[in-house]
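Asker: Got a sequence here, can you build the structure:
(one chain, ligands or ions: 1)
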Amino acid sequence: MNDMRQLDSAVTQDDIKISARDVQVFYGDKQAIKDVNVEILDKTVTAFIGPSGCGKSTFLRCINRMNDTIPIARIEGQIRLDGEDIYDRRVDPVQLRAKVGMVFQKPNPFPKSIYDNVAYGPRIHGLARNRAELDEIVEKSLRGAALWNEVKDRLQEPGTGLSGGQQQRLCIARAVATSPEVLLMDEPCSALDPIATGQVEELIDQLRQEFSVVIVTHSMQQAARVSQKTAFFHLGNLVEYGDTDDIFTRPQDPRTESYITGRIG
Ligand SMILES: Nc1ncnc2c1ncn2[C@@H]1O[C@H](COP(=O)(O)OP(=O)(O)OP(=O)(O)O)[C@@H](O)[C@H]1O
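Answerer: Below you'll find the predicted structure:
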């Protein structure tokens, strides 16, 4: 069992969006995640930090069952979204991923127009009854991703023709278009310059007004800037979880302290 810090008593059951219980992940015989227990709050940005290879991305991918796509990956334990077990046999992973969207390290727009990139999810999930409704969703999502003003006059141009930072915001628009409840972001700024990084960070802060955001980051400065909660992972263990301010100023575990002061990692 990890010596994880408890949530503060002000947190109620309603605030908990995701709860993970005794989660283990294996790739073949190798264990990548060990006995992770954590509650992720709604309308909050949670940062996952820790040295390379400690399991941050593996655990993130458990939350929308992206690990299902890796044949040798096996998960034990339980992850609940609003109290529902997401690994229950009746849960359709495609539906789950509409509710729990994901943005990857490298912007990966589809080889389609800007419009069609954003319209893709709503089309496959039947979220619009007609073209006007679809137009509305596309505009709202692009506005939500702070990209509308830059692309409104060229919606039919390819998404791949945008700058890296614009492409990442397009991927965020694509993820928010299905009205997700949780947005998972795996190092979303690592391929971006400082200006584009600033724009995406500002966006993350706006997105948490609507839903729960979980971000994997190598940058402790970024974790401190964007998150309210931080989870520190080390060698597959969730070592410490708590308010971001506390993790960075008063870590309880010597491994967390070593990492934030640059002694491990
Ligand atoms: N598809 C895979 N097949 C086999 N092993 C994997 C796979 N993906 C990850 N691993 C292993 O699982 C462990 C955790 O990797 P993971 O990518 O989750 O760590 P991370 O903390 O996100 O690392 P980084 O910060 O470098 O991205 C590592 O030992 C890694 O080699």
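
Asker: Need the contact partners of the worst-scoring helix or strand of the chain on mean pLDDT.
Answerer: Least confident helix or strand of the chain, by mean pLDDT, DSSP states H and E, is helix 194-207 with a mean of 90. The contact list for helix 194-207 (Cβ atoms under 8 Å, 6 or more residues apart in numbering) reads 45, 144-146, 163-166, 168-169, 172, 176, 183, 185, 188-189, 192, 213, 215, 222, 225-226. Heads up, the C-betas are built off the backbone N, CA and C, glycines and all.

Asker: Inside strands: which ones of those?
Answerer: Of the contacts of helix 194-207, the ones assigned to strands by DSSP state E are 45, 183, 185, 213, 215.

Asker: Contact partners for the first one?
Answerer: Translated: residue 45. Here residue 45 is in contact with 204-205, 208, 213-215, 226-229 (Cβ under 8 Å, 6+ apart).

Asker: With neighbour count and distance to residue 254 as extra columns, can I get these in TSV?
Answerer: Converted to TSV, those look like this (neighbours: other Cβ atoms under 10 Å; distance: Cβ to Cβ, whole Å):
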residue	neighbour count	distance to residue 254
204	22	30
205	13	31
208	20	31
213	27	29
214	27	25
215	27	25
226	24	26
227	26	22
228	15	24
229	22	21
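
Asker: just checking: which of the residues you listed also lie near the ligand?
Answerer: By Cβ under 6 Å from any ligand atom, no member of these lies near the ligand.

Asker: so how far is the least confident helix or strand of the chain off the chain centroid?
Answerer: 14 Å (Cα atoms, centre = their mean, to the nearest Å).

Asker: Same check on stretch 70-78?
Answerer: 19 Å.

Asker: Now it: average pLDDT?
Answerer: Average pLDDT, stretch 70-78: 96.

Asker: Show me the contact partners of it.
Answerer: Residues contacting stretch 70-78 (Cβ under 8 Å, 6+ apart): 20-28, 35-36, 58, 62, 67, 85, 87.

Asker: near the ligand too, which of those?
Answerer: Okay, of these touching the ligand (Cβ under 6 Å from any ligand atom), that's 27, 58.

Asker: Going through the contacts of stretch 70-78, which one is the model least confident about?
Answerer: residue 67 (92).
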